[in-house]
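Student: Quick one, what's the 3D model for this:
(2 chains)
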Amino acid sequence: ELKVEQNPLFLSMQEGKNYTIYCNYSTTSDRLYWYRQDPGKSLESLFVLLSNGAVKQEGRLMASLDTKARLSTLHITAAVHDLSATYFCAVVPRQSNFGNEKLTFGTGTRLTIIP
Amino acid sequence: NAGVTQTPKFRILKIGQSMTLQCTQDMNHNYMYWYRQDPGMGLKLIYYSVGAGITDKGEVPNGYNVSRSTTEDFPLRLELAAPSQTSVYFCASRLKLAGVYEQYFGPGTRLTVT
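Tutor: Have a look, this model is predicted:
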């Protein structure tokens, strides 16, 4: 059974600081997704990482994937209040048909940026 | 395009009642999914469909049924509601952006069973 763990579960940080959210998974995969969820809202896709060493950046967020270590990171640079949300990683096991996309989600990291 | 729409947005059920959560997409996507999200947790896959007439179980299918008679609609049926089914339910469809498949989520249905 695929397990996806995120840490920390809760993160409170001041504006302007940098921090990293970690996503570990238990089986071979080379497809990993990051989503953002605002309170009471649906999920918004942030990044899709498809290969070992993949790095994607959008604004103050940067995601990377190390398939050998089964680890993805979401790095926040110079945090601003608008980034307060819950962030989820989701993994597709390598044996899945490419088009099926049966995602297994982590428990999420609730990020609060303090002005 | 309206994207993925879900109805109702909120619902309170009594134990043992039945209901259908509606999900519709107007993007002609073949793949559709139902997830549930319990408080403070990630999403768990209930059922999915790869096209009209084809459905399969996900991680947590017990207590639910689905059907897929058209490409657009993928309703989720709760036959005998139980408190353990209190959750937020998300429907999703698969789209292809820049050569990469992604899931696009609806706004969710918040269900309380008391």
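Student: From B:Arg110, how far off is the residue of chain A found nearest chain B?
Tutor: Minimum separation of chain A from chain B (Cβ to the nearest Cβ) falls at A:Phe105, amounting to 3.2 Å. For every residue, glycine as well, the C-beta is placed using N, CA and C. Using Cβ to Cβ, to the nearest Å, A:Phe105 is found at 18 Å from B:Arg110.
Student: Neighbour count for those two, which is higher?
Tutor: Applying other Cβ atoms under 10 Å in any protein chain shown to A:Phe105 and B:Arg110 shows that A:Phe105 carries more neighbours, namely 22 against 15.
Student: looking at the sheet around the more buried one, what are its partners?
Tutor: Taking DSSP bridges as the rule, A:Phe105 bridges to A:Ala90.
Student: Can you check the pLDDT for it?
Tutor: On the pLDDT scale, A:Phe105 is placed at 95.
Student: Please list the residues of chain A that sit near chain B.
Tutor: Selection of chain A residues close to chain B by Cβ under 8 Å from any Cβ of the partner chain yields A:4, A:33, A:41-43, A:45, A:48, A:50, A:88, A:90, A:98-108.
Student: Pull the contacting residues for residue 103.
Tutor: I went with chain A, as the question did not name one. The contact partners of A:Leu103, by Cβ atoms under 8 Å, 6 or more residues apart in numbering or on different chains, come to A:33, A:90-92, B:43, B:45, B:103.
Student: Let me rephrase: I mean chain B.
Tutor: Contact partners of B:Gln103, counting by Cβ under 8 Å, 6+ apart, are A:33, A:45, A:101, A:103, B:33, B:92-95.
Student: thinking again about what came up before, settle this for me: the residue of chain A closest to chain B is touching B:Gly42, isn't it.
Tutor: Yes: between A:Phe105 and B:Gly42 there is a contact under Cβ atoms under 8 Å: 3.2 Å.
Student: where do the contact lists of the two overlap?
Tutor: Common neighbours of A:Phe105 and B:Gly42 (Cβ under 8 Å, 6+ apart) are A:4, A:88, A:90.
Student: For A:Phe10, state which of those is nearest.
Tutor: A:Phe88 (13.9 Å; Cβ to Cβ).
Student: so what pLDDT did the closest one get?
Tutor: A:Phe88 is assigned a predicted lDDT (pLDDT) of 97.
Student: Next: A:Thr67.
Tutor: Reported pLDDT for A:Thr67: 91.
Student: cool, B:Leu97 as well?
Tutor: With respect to pLDDT, B:Leu97 has a value of 75.
Student: circling back to that earlier point, which of the residues of chain A next to chain B fall in helices?
Tutor: Applying DSSP state H to those, no entry is found in helices.
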